[in-house]
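Student: Here is the input, now give the coordinates:
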Amino acid sequence: MTVSVDVLTDHAGSLYRFALSITRDADLAGDLVQDTFLRAIERQEQYRGEAPLGSWLRRILHNLAVDRARRSGREIIVEEVEDHWRHDAYTVDPARVAELTQTRQEIEDALVRLPFIYRVAVVLHDVEGWTVREIADLQDIGLPAAKQRLRRGRMSLVTALAEGAERRKLLTGVPMRCWDARQHVSDYLDGALDPPTAQLVEAHLETCPTCPPLYAALVGVRTHLGSLRDPDAVIQPDLEQRVRAAITRTRRSPRREP
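Tutor: Down below sits the predicted model:
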């Protein structure tokens with residue numbers, strides 16, 4: 001079944017909202033929508049109209065997001081969380097966790113630490129109102145597995161919030177949130193920040209217990225990378241010719257319609 005670009009773009013808005021809900025990242029959501037459209041065009045012969053086009057696109061996007069999440073390496077380990085929950089002595093401060101859930105930023109920070117497949121289960125079920133069966137269909141798993149992912153995701157979210165509460169105690173009085181400072185630190189290294197933001201980053205680095213080593217590592221890597229540059233290196237003539245020929249062919253080739 002042919003899937004035209006016009007038909008795909010009709011789904012852009014709903015697909016972006018779906019991507020944003022499961023990734024919690026506007027830039028990543030936009031990238032995933034674009035990649036989903038490209039993948040859908042490449043594999044349009046696989047779509048036979050047996051399910052709504054929107055469902056097929058969401059599954060493509062979900063699978064692309066899973067692939068990206070596997071490379072992020074920033075998530076908590078669900079099996080360790082579940083092991084904690086098995087022990088009778090494990091508990092959290094429910095009042096503090098409940099307080100944190102009143103702050104959107106705290107929930108977002110906790111959600112992004114969940115492994116992607118578990119985050120999707122929690123967000124789609126508890127935020128978007130999906131049924132467990134719908135989640136199972138999206139993730140191409142059985143109903144028991146979907147229920148397990150929802151259970152593990154909820155437990156991991158509580159644990160992530162509780163750990164966040166302990167971390168907030170250590171960061172009391174520290175200017176800026178760590179992620180905010182870390183997003184600015186590359187520009188800070190290059191001297192590209194406006195003075196007020198640069199001062200906030202400096203104040204954060206002076207008082208934060210975890211960010212200074214990361215900043216020192218960035219400085220070290222940047223310094224050593226700079227030493228790799230060979231000022232006398234020149235492109236080989238045969239390589240230059242091949243590059244120029246490839247560019248010329250690209251310019252002369254007629255553009256293919258998407």
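
Student: tally of neighbours for the nearest residue in space to Arg43 that is not next to it in sequence?
Tutor: With Cβ to Cβ, 6 or more residues apart in numbering as the criterion, Arg43 has its nearest non-adjacent residue at 8.0 Å, and that residue is Ile60. To be clear about C-beta, it is placed using only N, CA and C from the backbone, and glycine gets the same treatment. One way to gauge burial is a neighbour count; for Ile60, by other Cβ atoms under 10 Å, it gives 21.

Student: got a list of what Ile60 touches?
Tutor: By Cβ atoms under 8 Å, 6 or more residues apart in numbering, the residues touching Ile60 are 36, 39-40, 43.

Student: want to try JSON lines for the residues you listed, with distance to Leu111 as columns?
Tutor: JSON lines is the format used below for those (distance: Cβ to Cβ, whole Å):
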{"residue": "Thr36", "distance to Leu111": "21"}
{"residue": "Arg39", "distance to Leu111": "25"}
{"residue": "Ala40", "distance to Leu111": "27"}
{"residue": "Arg43", "distance to Leu111": "30"}
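
Student: Which neighbouring elements make contact with the lengthiest helix in the chain?
Tutor: With DSSP state H setting the assignment, residue counts place helix 143-170 as the longest helix in the chain. With contacts defined as 3 or more Cβ pairs under 8 Å, 6 or more residues apart in numbering; DSSP states H and E, helix 143-170 has these neighbours: helix 78-86, helix 94-101, helix 104-111, helix 116-122, helix 132-139.

Student: So which of these is nearest Ala12?
Tutor: Shortest distance between Ala12 and those, using Cβ to Cβ, is found for helix 132-139: 18.8 Å.

Student: Look up how far His125 lies from Gly164.
Tutor: For Gly164, the distance to His125 equals 22 Å [Cβ to Cβ, to the nearest Å].

Student: pLDDT score assigned to Ala89?
Tutor: Residue-level confidence at Ala89 comes out at 84, pLDDT.

Student: Assign a three-state SS to it, would you?
Tutor: For Ala89, the assignment made with DSSP: H, G, I helix; E, B strand; the rest coil gives coil.

Student: now Pro209
Tutor: For Pro209, the secondary structure call by three-state DSSP comes out as coil.

Student: Then the one 4 residues further on?
Tutor: Classification of Pro213 using three-state DSSP returns helix.

Student: Do you know the pLDDT at it?
Tutor: 85.

Student: what does Arg58 give?
Tutor: 94.

Student: what bits of the stretch 1-150 of the chain have low per-residue confidence?
Tutor: The model of the stretch 1-150 of the chain has pLDDT under 70 over residues 1-4, 71-76.
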